[in-house]
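Trainee: Coordinates only, no sequence provided:
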C-alpha cells in the first residue's frame, strides 16, 4: 500500500518518494495543507473504491495511520 500511495503523495507535496515512510506525518513532515490532504484522500478513495469516514480523518496523522485505516476498509 505504501508504494501505491507514494506517487499520489508526491503529486500534492514537494517531497521525494524515499522521504515517505509509514512514520511520516502528513502535516509536520510532508507539509500537507488541509486542502491538499482532502484532495489526496479523495484521489485515494477513487483509486481504491472506498469511502473515508469524515470523522476518521482527524485520526490520520501519519502515512502509516492512513495505510492501516485504508487496508481495513478493503
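Mentor: Yes, it's here. Note that this is a predicted model, so its numbers are computed, not measured. Numbers count the residues shown, from 1 in each chain.
Trainee: Just the terminal-to-terminal distance for stretch 13-33.
Mentor: Using C-alpha to C-alpha, to the nearest Å, the end-to-end distance of stretch 13-33 comes out at 9 Å.
Trainee: wait, I meant stretch 46-63
Mentor: Using C-alpha to C-alpha, the end-to-end distance of stretch 46-63 comes out at 18 Å.
Trainee: so where's the chain uncertain?
Mentor: For the chain, no stretch has pLDDT under 70.
Trainee: Can you list the residue ranges for helices in it?
Mentor: 2-12, 34-48, 63-73 (DSSP state H).
Trainee: and of the ones you listed, who's closest to residue 22?
Mentor: For these, proximity to residue 22 was assessed by C-beta to C-beta; helix 63-73 is nearest, at 3.4 Å. All C-beta spots, glycine's among them, are computed from the backbone N, C-alpha and C.
Trainee: Contacts for that closest one next, please.
Mentor: 1-2, 5, 9, 20-24, 26, 30, 44, 48, 50-52, 56, 59-60 (C-beta atoms under 8 Å, 6 or more residues apart in numbering).
Trainee: measure the residue nearest to residue 6 when sequence neighbours are not counted to residue 58 for me?
Mentor: Leaving aside its sequence neighbours, residue 6 sits nearest to residue 17 (C-beta to C-beta, 6 or more residues apart in numbering; 4.6 Å). Computed as C-beta to C-beta, to the nearest Å, the residue 17 to residue 58 distance reads 26 Å.
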